[in-house]
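Student: This is the structure alone, sequence omitted:
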């Protein structure tokens, strides 16, 4: 019996991760959610916390429930109920956030943009919505964005399918009036209905135009391509002055001159940017619901977004990332980079000297 009692010794806890490391992890996670002394939030670097660790907010920015005190915010909309083809975009915001931790750094070497020394930015989480009721979900999105933008915060949205842009534009109109639109997409998304449904990812800009959320001659749809149902599929937009740039006119050329003309036409008018990831060629971004061959390159995507610098941008979204269709994560990684580029071109971002090649050729 004495020998049996000896077997029941107090078990010591396993120490596979040191207590000191755990304390450091908690401390650094809290540090992520605090402001720097100058009032700006700065993404926590990998030297302070290993990249696979911590909460996956966008670029490891602080997480807060509202846009109070912010100049810009990242927000997710986990909706794919409006999709007619491959689903999965409800997982887009989570995957984009995860990839942003590994892919994005706070200073833009190429342009000199230093957004985190210029703007107060945070991740405000995801819109709480009913995925089983599309009209109700759109109402929730609209109400959420009303609160986000009421004090001037600029939302940068991770979708979600393209349905979400319609209620966002409704809220943007209430704050800024009808806006210009830079719409990068393989599809025009101006169908009157899809299988009888007036709200879907194929109808957002028709609904927005009908409600005067858009200024027709200041709408630019870049990269349209693929097949249609009738020769007059684009007619609704053309009748309202939309400017259509076919993908064939983008092939094998820089889009810098195009964006210079768009900037001139936009002037100081409020502008919204909506980037559908299927605008990119599926060899680059396969993780999307409605891929179309012959798309834009990532270089052209950078030219478009960087070309929006100087516009009065009041909101942006990047939609239709469907992680289940790209197990490499590269589609979401591309999306994370493009969202950072959107942040870099917002009004009032400070620019430092961009890095130049030391060897000219």
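Tutor: Ah, there it is. Source: prediction; values computed, not measured. Residues are numbered from 1 along each chain as shown.
Student: and the gap between residue 159 and residue 319?
Tutor: Distance, residue 159 to residue 319, using C-beta to C-beta, to the nearest Å: 3 Å. In this view, the C-beta of every residue, glycine as well, is placed from N, C-alpha and C.
Student: joint contacts of these two?
Tutor: 89, 92 (C-beta atoms under 8 Å, 6 or more residues apart in numbering).
Student: so what's residue 36 scoring on pLDDT?
Tutor: Per-residue confidence (pLDDT) for residue 36: 55.
Student: Residue 43 now?
Tutor: 89.
Student: same check, this time on the one 3 residues further on
Tutor: Reading off the per-residue confidence, residue 46 sits at a pLDDT of 83.
Student: Low-confidence regions, the chain specifically.
Tutor: Within the chain, the stretches with pLDDT under 70 are 1-38.
Student: What strands line up against the strand ranked longest in it, and which way round?
Tutor: Ranked by residue count and defined by DSSP state E, the top strand of the chain is strand 214-224. Paired neighbours of strand 214-224 in the sheet (DSSP bridges): strand 179-184 (parallel), strand 243-246 (parallel).
Student: List of residues touching the last one?
Tutor: Outside strand 243-246, the residues within contact range by C-beta under 8 Å, 6+ apart are 188, 217, 219-225, 234, 237-238, 258.
Student: Now with 7 Å, please.
Tutor: Under the contact criterion C-beta atoms under 7 Å, 6 or more residues apart in numbering, strand 243-246 has outside partners 219-225, 234, 237, 258.
Student: and the closest residue to residue 211 other than its chain neighbours, how many neighbours?
Tutor: Distances taken as C-beta to C-beta, 6 or more residues apart in numbering place residue 170 nearest to residue 211, at 6.8 Å, with adjacent residues excluded. As a burial measure, residue 170 scores 20 neighbours (other C-beta atoms under 10 Å).
Student: do the same with residue 327
Tutor: For residue 327, using other C-beta under 10 Å, the count is 9.
Student: try residue 256
Tutor: Considering only other C-beta under 10 Å, residue 256 is surrounded by 12 other residues.
Student: In this structure it contacts residue 303, no?
Tutor: Yes: counting by C-beta atoms under 7 Å, residue 256 touches residue 303, with 5.4 Å between them.
Student: For stretch 332-351, buried residues please.
Tutor: Neighbour-count burial for stretch 332-351, counted by 16 or more other C-beta atoms under 10 Å, picks out 332-346, 349.
Student: Give me the distance from the helix or strand harbouring residue 338 to the chain's centre.
Tutor: Residue 338 is part of helix 330-344 when elements are defined by DSSP states H and E. Helix 330-344 has its C-alpha centroid displaced from the chain centroid by 7 Å (C-alpha atoms, centre = their mean, to the nearest Å).
Student: again with stretch 285-299
Tutor: Distance, centroid of stretch 285-299 to centroid of chain: 16 Å (C-alpha atoms, centre = their mean).
Student: returning to what we had before: closest to residue 133 out of the strands paired with strand 214-224?
Tutor: strand 179-184 (26.5 Å; C-beta to C-beta).
Student: could you pull out the strands for the stretch 201-350 of the chain?
Tutor: For the stretch 201-350 of the chain, the strands defined by DSSP state E, counting those that start in this stretch occupy 214-224, 243-246, 270-276, 312-319.
Student: And for the stretch 1-150 of the chain?
Tutor: Counting by DSSP E, counting those that start in this stretch, the strands of the stretch 1-150 of the chain are 72-77, 121-126.
Student: Now render these as a markdown table, adding distance to residue 194 and mean neighbour count.
Tutor: Output for the strands of the stretch 1-150 of the chain, formatted as a markdown table (distance: least, C-beta to C-beta, whole Å; neighbours: other C-beta atoms under 10 Å):
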| stretch | distance to residue 194 | mean neighbour count |
| --- | --- | --- |
| strand 72-77 | 19 | 25 |
| strand 121-126 | 25 | 23 |
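Student: Would you mind giving those strands as TSV with distance to residue 103 added?
Tutor: Formatted as TSV, these follow (distance: least, C-beta to C-beta, whole Å):
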stretch	distance to residue 103
strand 72-77	14
strand 121-126	15
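Student: Cheers, nothing more for now.
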